[in-house]
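Visitor: Quick check, what structure comes out for this input:
(chains A and B)
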Amino acid sequence: MTENLYINDSKEVYDAIVIGSGISGGWAAKEFCERGLKTLMIERGRVVEHKKDYIGENKAPWQQPLRTKVDNLLVKEQHKIQQQCYAFTDATKHFFGNDKDLPYITLKDSNFTWIRANQLGGKSLLWHRQSYRWGEYDFKANKADGHGNDWPIRYQDIEKWYSHVEKHAGISGSKENLENLPDGDFLPPFEMNSPEKALQAKFAELYPDRPLIMGRTAHLTKPTKLHLSQGRVQCQARDECQAGCSFGAYFSTLSSTLPAAAATNNLHIAPNSVVHSLIYDENTNRIKGVRVIDNDDLSEREYFAKVVFVCASTIGSTQILMNSTSKRFPNGIANSSGVLGHYLMDHNYNAGASGDIEGFEDEIGRGRRPTGLIMPNFYYKPDAKRNFLRGYALAGSAYRESWQSVQHQDGLGVDYKNKLKQAGKWRFGLYAQGEMLPRFENKMCLHPTLKDKWGMPQIEFDCRFSDNETNMMLDAAEQAENMLKAVGLLNVSSGVTHGSPGLAIHELGTARMGIDPKTSILNGYNQSHDIPNLFVTDGASFCSSAVQNPSLTFMALTVRAVDYCVKEMNAKRI
Amino acid sequence: MENQQNDTNIINSESRRKFVRGLSLLVGGTVATALVSGNSLSVAMAHSLKSQNLASEVLSNGKVFTLNQLKQLKSICAIVIPKTETLGAAEVNTHGFIDNQLFHCYEKSKQEKNKQLLTLIDIVANKLFSQPFIAIKQEQQFELLTELDLGKNNFDEKQRADFKSLKQLICFGYYTSEVGASQELRYLAVPGGYKGSIPYKNSDASWGSQGLYY
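Guide: Residues are numbered from 1 along each chain as shown, chains lettered A, B, ... in the order given. Coordinates of the predicted model:
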């Protein structure tokens, strides 16, 4: 490791600057460093050190002052928005942003929830760890129905990079040989419990084209030598991941890519550095570096490099591009096409069904499995008979009810206490994760006058689900209900909810890739069409959302872009 | 059966040492010690009657409730989740927990609702037994709260719903307490892996470490 990993002032011209330390930034830094490039990772927030700074880890509820809940006053003052995230608890709250410092605007009748994780490791500390490859049909979806622009890449362009990241990160899952959910280089899958196995068999019998499989997740079910050498060990099934995991059992920048990058001696990190804008040289048409504002004392400084990778999260990356203006790029750097900020997407988690499972009273699970099952999107082939485009996956798991459910029953005293002591009935549910169409109207832009405390213009969101998403959720509720009834569940109920975009925390688009520089920001290697030494490799680059959780694709796109960039640098084209 | 024994075993110090040794091999000594010292596991293992100074005695006003209301709440806790082979909700100071939790995590309106519920319970106790709730016999307390729990006779559906919500607070307080989670139920701080199905019979305790969402 370099002697002084963390830097503040530096006049050095680095080979590469990586803005952001989340899933994409961590991978970019690792890949650059391992190719011998002097790399500076810029992180807007504080340093979080693996193990040492997981202050909420492994605390039983009775050791927490409010038994996992967060104080009202703190929520009201600092986390009104962040507390909407399912993972926001007393053990994790310090990894979420302070809303007071992070204002944004949503236009009337629109809504967007922006979850922030501004620290070293970013949202890789808080992610849900579900990891799926995209399939051939996903990369062709825009072309097939004309919504959004065609992806400039296909599955075979990214296939080997998926393997590359899977081996290092450690993805558990089962080989299923499905047409549109390619198998990866998997560690063994987590176990199913008996009711899940029984349901899986029934689904296979009644719905052969709708398999129910174990969720694929970035957990070390059986670490390889490579993982052990990273200082990571087997998942202990605590399912308290977002508090931080000292076992390094789930993939995060801190557990996996950062140690690998640091081991090369090529890495430096500039923490507490809020990137204000990119420094552009009009004469050479190159990015020279970045201008940052100090997170704490608000002073200004600059860092320089030969190439810049923007991995600051979908909205964060586009905010930086938009705030980097010049004579040539008055509406945001690399934005000659004018599409910067448009085609904002998320996933739609607004439908589900659940019911009771009979039997299996003589069994219970042991440990807390950090994943459920998934029924992959069965609508991946376009079909004009449906009243919506694209599709959804259904996720769920079977579990025995506990006191949390039984407490609502009538009763008091010894009988009540004894009932609460026992495991309750088995339940199973299926919950939709739907694709959101890329629409020009769904967008973010910079507010003309309002700024945050670092002087960054505030984001103004204009984003909503359309009829397509609504119709899809109605279908998902209906299908899930019908299937659960068909496989024999009792007391099945279903419903749709009306959550707004953002809360899936799968924000995508706004600086999309494409073949045509007139309608896209980036080429097929996440490189700016306009400026050769500028790359954006996080979710901002996406042309469509597909159904799968996007993080594994962030990783694969990022390492592919670094590989290309270094080759271009060696060939003196950058 | 096998699981019940294993999980009970983990509480004794022999297996604790074994566990820490195993953990050290996995994550290194410093982290193993950090994970096990001052954490749920050590506390779960260290419990003894002597260390159970749970301060359930009501000595002063709370943050939301008055001294008398807290005493009343304590006797409600004792009826809802009584002492059996394990301590009950009153003995682990669930009333104190509720006072603190209502103050820090709930809106004023919910605090008021609970105060009104306590007043209501006293009004009905006075009507039926000519004494406040804490002064009537345990059987009478049980009878009164059962009527409230079912929304019968002196109580309506709205009052029943308010009581259900108080019961929820009592349950949350009790089953997230050390006694509730790790003695009445079984608490696995570090399960060591996931098993889909192990044998279970109705006399086994369920998990106190499941579904806490943190």
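Visitor: the strands in chain B, which residues?
Guide: With DSSP state E as the criterion, chain B has strands at B:195-199.
Visitor: so what are the domain limits for it?
Guide: B:1-46+B:195-214, B:67-175 (automatic domain parsing).
Visitor: what about residue B:129, neighbour count?
Guide: Residues contacting residue B:129 under the criterion other CB atoms under 10 Å in any protein chain shown number 16. No exception for glycine: its C-beta is placed from N, CA and C like everyone else's.
Visitor: Can you tell me the closest non-neighbouring residue to it?
Guide: Excluding the flanking residues, the one nearest residue B:129 by CB to CB, 6 or more residues apart in numbering or on different chains is residue B:136, at 4.6 Å.
Visitor: do you know how far the one you found is from residue A:497?
Guide: Distance of residue B:136 to residue A:497, computed by CB to CB, to the nearest Å: 45 Å.
Visitor: Between those two, tell me which one has more neighbours.
Guide: Between residue B:136 and residue A:497, counted using other CB under 10 Å, the more crowded position is residue B:136 (19 against 11).
Visitor: Deepest-packed of the domains of chain B, please.
Guide: Ranked by mean neighbour count under mean count of other CB atoms under 10 Å in any protein chain shown, those are led by domain B:67-175, which reaches a mean of 18.
Visitor: Can you give the distance from that one to the centre of its chain?
Guide: For domain B:67-175, the separation from the chain centroid amounts to 14 Å (computed by CA atoms, centre = their mean, to the nearest Å).
Visitor: which ones are touching residue A:307?
Guide: Contact analysis of residue A:307 by CB atoms under 8 Å, 6 or more residues apart in numbering or on different chains lists A:15, A:16, A:17, A:287, A:533, A:534, A:535, A:565, A:569, A:574.
Visitor: What of residue A:285?
Guide: When contacts are counted by CB under 8 Å, 6+ apart, residue A:285 touches A:530, A:531, A:532.
Visitor: Leaving out sequence neighbours, find the closest residue to the last one.
Guide: Residue nearest to residue A:532 in three dimensions, not counting chain neighbours: residue A:574, with 5.2 Å by CB to CB, 6+ apart.
Visitor: The one you found contacts residue A:308, doesn't it?
Guide: No. Judged on CB atoms under 8 Å, residue A:574 makes no contact with residue A:308 at a distance of 10.8 Å.
Visitor: Between these two, tell me which one has more neighbours.
Guide: residue A:308 (30 against 18).
Visitor: related to what we said a few turns ago, could you save the contacts of residue A:285 as a markdown table and add columns showing pLDDT and neighbour count?
Guide: Formatted as a markdown table, these follow (pLDDT from 0 to 100; neighbours: other CB atoms under 10 Å in any protein chain shown):
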| residue | pLDDT | neighbour count |
| --- | --- | --- |
| A:530 | 98 | 17 |
| A:531 | 98 | 21 |
| A:532 | 98 | 19 |
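Visitor: coming back round to it: between residue A:574 and residue A:308, what contacts are shared?
Guide: Residues touching both residue A:574 and residue A:308 by CB under 8 Å, 6+ apart: residue A:533.
Visitor: neighbours of residue A:500, just the number please.
Guide: Residue A:500, neighbours per other CB under 10 Å, totals 18.
Visitor: Surely residue A:365 is within a strand?
Guide: Yes. When classified by DSSP: H, G, I helix; E, B strand; the rest coil, residue A:365 is found to be part of a strand.
Visitor: ok, and the closest non-adjacent residue to it?
Guide: Sequence neighbours aside, residue A:193 is the residue nearest to residue A:365 in space, at 5.1 Å (criterion: CB to CB, 6+ apart).
Visitor: In contact with the one you found, which residues?
Guide: The contact partners of residue A:193, taken as CB under 8 Å, 6+ apart, are A:363, A:365, A:398, B:196, B:197.
Visitor: Try it again at 7 Å.
Guide: Listed by CB atoms under 7 Å, 6 or more residues apart in numbering or on different chains, the contact set of residue A:193 reads A:365, A:398, B:196, B:197.
Visitor: now swap in residue A:8 and tell me
Guide: Applying CB under 7 Å, 6+ apart to residue A:8 gives the contacts residue A:270.
Visitor: buried ones in the helix or strand containing residue A:404?
Guide: Here residue A:404, judged by DSSP states H and E, is contained in helix A:403-406. Residues A:403, A:404, A:406 are the ones in helix A:403-406 that count as buried (16 or more other CB atoms under 10 Å in any protein chain shown).
Visitor: Can you pick out the most distant pair from the contacts of residue A:307?
Guide: Using CB to CB, the contacts of residue A:307 reach their maximum pairwise distance at A:15 and A:534, which is 14.6 Å.
Visitor: where in chain A is pLDDT low?
Guide: Residues of chain A meeting the criterion pLDDT under 70: A:1-3.
Visitor: repeat that for 90
Guide: Applying pLDDT under 90 to chain A picks out residues A:1-4, A:108-109.
Visitor: report the longest helix in chain B, please.
Guide: Secondary structure of chain B per DSSP state H: the longest helix is helix B:108-129.
Visitor: Quick check: the gap between the residue nearest to residue B:129 and residue B:163.
Guide: 17 Å.
Visitor: can you check residue A:518 too?
Guide: Separation of residue A:518 from residue B:163 (CB to CB): 66 Å.
Visitor: Residue A:31 too?
Guide: Relative to residue B:163, residue A:31 is positioned 60 Å away (CB to CB).
Visitor: Please apply the same query to residue A:345.
Guide: Using CB to CB, residue A:345 is found at 45 Å from residue B:163.
Visitor: part of a helix, is residue A:261?
Guide: Yes. Under three-state DSSP, residue A:261 sits within a helix.
Visitor: For chain B, give me its nearest residue in the stretch 251-400 of chain A.
Guide: Shortest the stretch 251-400 of chain A-to-chain B distance, computed as CB to the nearest CB: residue-wise this is residue A:367, at 3.4 Å.
Visitor: in chain B, which ranges drop under the pLDDT threshold?
Guide: Within chain B, the ranges that satisfy pLDDT under 90 run B:1-57, B:59, B:210-214.
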